[in-house]
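Novice: here's my sequence, what's the structure:
(one chain, ligands or ions: 1)
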Amino acid sequence: MPVEFDVIVAGAGAAGMTAALTTARSGLSTVVLEKAAVFGGSAARSGAGIWVPANDVLLAAGVPDSFAKADTYMAAVVGPEVPAARRRAFLTAGPQAIAFLQRWTPLRFRWMEGYSDYYPELPGGMPAGRSIEPDALDANILGDEMRNLNPSYIPSPDGTVVYTVDYRWLALIARHPRGLAVAGEMVLRYLQLAAQGQKPVTMGQALAGGLRAGLLAADVPVRLSTPLVDLFVEGGRVAGVIALVGNRETLIRARRGVMIGSGGFEHNERMRKQFQREPIGVDWTVGAASNTGDGIEAGERAGAGLALMDDAWWGPMIPLPEGPYFCLSERTLPGTIFVDGTGKRFVNEAAPYSDVVHVMYDGDHFPAWMITDQEYRNRYLFKETAPLLPYPQAWYDSGALVKDWTLAGLAAKIGVPAGALRATVDRFNAQARAGRDTDFHRGDSAYDAYFADPTNRPSPCLAPIWLPPFHAFKIVPGDLGTKGGLVTDARSRVLTAGGEPIPGLYAAGNASAAVMGRSYAGAGSTLGPAMTFGYVAGKDLASNS
Ligand SMILES: Cc1cc2nc3c(=O)[nH]c(=O)nc-3n(C[C@H](O)[C@H](O)[C@H](O)COP(=O)(O)OP(=O)(O)OC[C@H]3O[C@@H](n4cnc5c(N)ncnc54)[C@H](O)[C@@H]3O)c2cc1C
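Specialist: You can find the predicted model right below:
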């Protein structure tokens, strides 16, 4: 391998591949060093929702979005920890990044129609949503390289083409005609594309595959199993990296600079314990296993400031034996409540996932359980378990799921006071029958209704829990990855703790402190900024000689 390039990118995920494509298409010699034996990181595992307001795809679909509207919304959603200049850089460059990717990769995007912003009632918020996701990608375009793509978190069933927006309806397959119609469409789409000789992939597989195809076309080498070990600093600037090539630490020089796109530290037990609140560990994250904060630590050694390290892209998780399950529709469909060890509710169960976990930590609501009944089981898809069918025995065996024919029996089995649980359920049931959750306002926001049941009355979000047997799912604070990291500016330059740019050093994605601050504006709030700031870094590297 050559030992000098214009640009070195660490990490072949969303941020890194976008940055590398940008520098390569600006004429700079670029290499991507990837630690894992596969490319794609968490991006490949993801649902690939992308939150980039007012991009061309949205405007062409007739979504009434604009920079001004999105700016107002972000100002309301994102706290003061994120400078306005950085927020606006994201909103300015985001649509450019999407246009760039549609020009230089096979990726095409589609509006996730109806997938509400997470705070649609705030000024500038959009109840019909402003997120996009990739269209189906023909994996043939990657040839043999497809074998090196990190697998998805939840693979689509064989013989289907599934988009993220389909899940809302699939959950309702036994309840709403659209559920069955969408299931049929998934098969039909597959048959149509397969008849043309295509191997369609969607969601994160399409996103990471499409970015990699762009790099292939631009002749950018992606070196797998080649981790960044440290930054090489010379004359006060980052002038390269030390990487493990084969088994040897090797200096690779970068004439223009280094872009860190090596993801978060979700799988680094030591960092999680150092920076985050208990209970914490590496067992409840669904992020890519290779994301252990290497780039963040290397940047810190080079003098970078860190921010938001205590936070993450949290989500309530069920610790199933096959791995942590990021429950989304399962949590927000009617007929569920969360209780803590006191047997009392503590949160709007349908709130955005990050918020639910913030509430868990802030109020020390551990342990926590999701209580449901047989009516809920009869009505809705749960992960891959179809309505009416029993939950897998392994879930019971592992302790993640507990069942009993009475609420008192369930309470005894999960160790919460039976009287308190009974009182909580009675109170919730009365509110559900009245259609109004006056305690936690579940159903007040249009967002709460996205993964709900429009056939349920009087509220699509609330149903009583009454039909035995009752179930309790263990709920733990999981995440999609961490969101704290290197402090960067509006040009993706890494800053020292004193706010000075470190010459030659850039970062984007979960290796950098999130432009979303402690919040989550809408579906795709991690990938949208990761790709945008990867693009911004690439442009800046190309403009500075
Ligand atoms: C199941 C799941 C669903 C998700 N759904 C969504 C969604 O719909 N929308 C959304 O916005 N976000 C979603 N996310 C989150 C999103 O995927 C991540 O936040 C995003 O991929 C972060 O981008 P990144 O480029 O920073 O990191 P990644 O995409 O994780 O890429 C980081 C890469 O760096 C590599 N790396 C690590 N250390 C080194 C090193 N020392 N040297 C070289 N390379 C290194 C890793 O192996 C990895 O390939 C989801 C995540 C998961 C797991």
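Novice: which stretches of the stretch 401-545 of the chain have low pLDDT?
Specialist: 545 (pLDDT under 70).
Novice: which bits of it sit near the ligand?
Specialist: Neighbours of the ligand within the stretch 401-545 of the chain, by C-beta under 6 Å from any ligand atom: 480-481, 509-511, 523-527, 530. C-beta: built from backbone N, CA, C; applies to glycine.
Novice: got a PyMOL select line for the buried ones in those?
Specialist: Buried subset of those, written as a PyMOL selection, criterion 16 or more other C-beta atoms under 10 Å:
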select buried, resi 480+481+509+510+511+523+524+525+526+527+530
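Novice: can you redo the residues of the stretch 401-545 of the chain next to the ligand as CSV with distance to residue 95?
Specialist: Shown next, in CSV, are those (distance: C-beta to C-beta, whole Å):
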residue, distance to residue 95
480, 24
481, 24
509, 19
510, 22
511, 23
523, 17
524, 14
525, 16
526, 18
527, 15
530, 16
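Novice: quick one: secondary structure of the nearest residue to residue 3 once chain neighbours are set aside?
Specialist: Closest residue in space to residue 3, ignoring its immediate chain neighbours: residue 252 at 5.4 Å, by C-beta to C-beta, 6 or more residues apart in numbering. Classification of residue 252 by DSSP: H, G, I helix; E, B strand; the rest coil places it in strand.
Novice: surely residue 252 and residue 244 touch.
Specialist: No. With contact defined as C-beta atoms under 8 Å, residue 252 does not count as touching residue 244 (10.9 Å).
Novice: which of the two has more neighbours?
Specialist: More crowded of residue 252 and residue 244, by other C-beta atoms under 10 Å: residue 252, with 22 against 15.
Novice: where does the chain have low pLDDT?
Specialist: For the chain, the ranges with pLDDT under 70 are 545.
Novice: for the ligand, what's its nearest residue on it.
Specialist: Per C-beta to the nearest ligand atom, residue 13 is where the chain lies closest to the ligand, at 1.8 Å.
Novice: ok, and the closest non-adjacent residue to that residue?
Specialist: Counting by C-beta to C-beta, 6+ apart, the nearest residue to residue 13 once its immediate chain neighbours are dropped is residue 41, at 3.1 Å.
Novice: am I right that residue 319 sits in a helix?
Specialist: No. Per three-state DSSP, residue 319 lies outside any helix segment and is strand.
Novice: who's it bridged to?
Specialist: Here residue 319 sits in beta bridges with residue 324, as judged by DSSP bridges.
Novice: roughly how far apart are it and residue 269?
Specialist: 16 Å (C-beta to C-beta, to the nearest Å).
Novice: neighbour count winner among these two?
Specialist: Legend: neighbour count by other C-beta under 10 Å for residue 319 and residue 269, higher for residue 319 (18 against 13).
Novice: okay, now the closest residue to residue 139 other than its chain neighbours: neighbour count?
Specialist: Excluding the flanking residues, the one nearest residue 139 by C-beta to C-beta, 6+ apart is residue 199, at 4.2 Å. Residue 199 has 14 neighbours, counted by other C-beta under 10 Å.
Novice: quick one, strands of the stretch 51-200 of the chain?
Specialist: 109-111, 131-134, 137-138, 200-201 (DSSP state E, counting those that start in this stretch).
Novice: with the stretch 301-450 of the chain instead?
Specialist: 306-307, 312-320, 323-326, 336-340, 368-372, 401-404.
Novice: can you tell me the closest non-neighbouring residue to the residue nearest to the spatial centre of the chain?
Specialist: In the chain, the C-alpha nearest the mean C-alpha coordinate belongs to residue 480, at 5.1 Å (C-alpha atoms, centre = their mean). Excluding its sequence neighbours, the residue lying closest to residue 480 (C-beta to C-beta, 6+ apart) is residue 313, at 4.1 Å.
Novice: can you list the residues of the stretch 201-350 of the chain near the ligand?
Specialist: Going by C-beta under 6 Å from any ligand atom, the residues of the stretch 201-350 of the chain near the ligand are 227-228, 261-263, 286-288, 290-291, 294-295, 313.
Novice: hmm, residue 140 and the residue nearest to residue 139 touching each other?
Specialist: Yes. At 5.5 Å, residue 199 counts as touching residue 140 under the criterion of C-beta under 8 Å.
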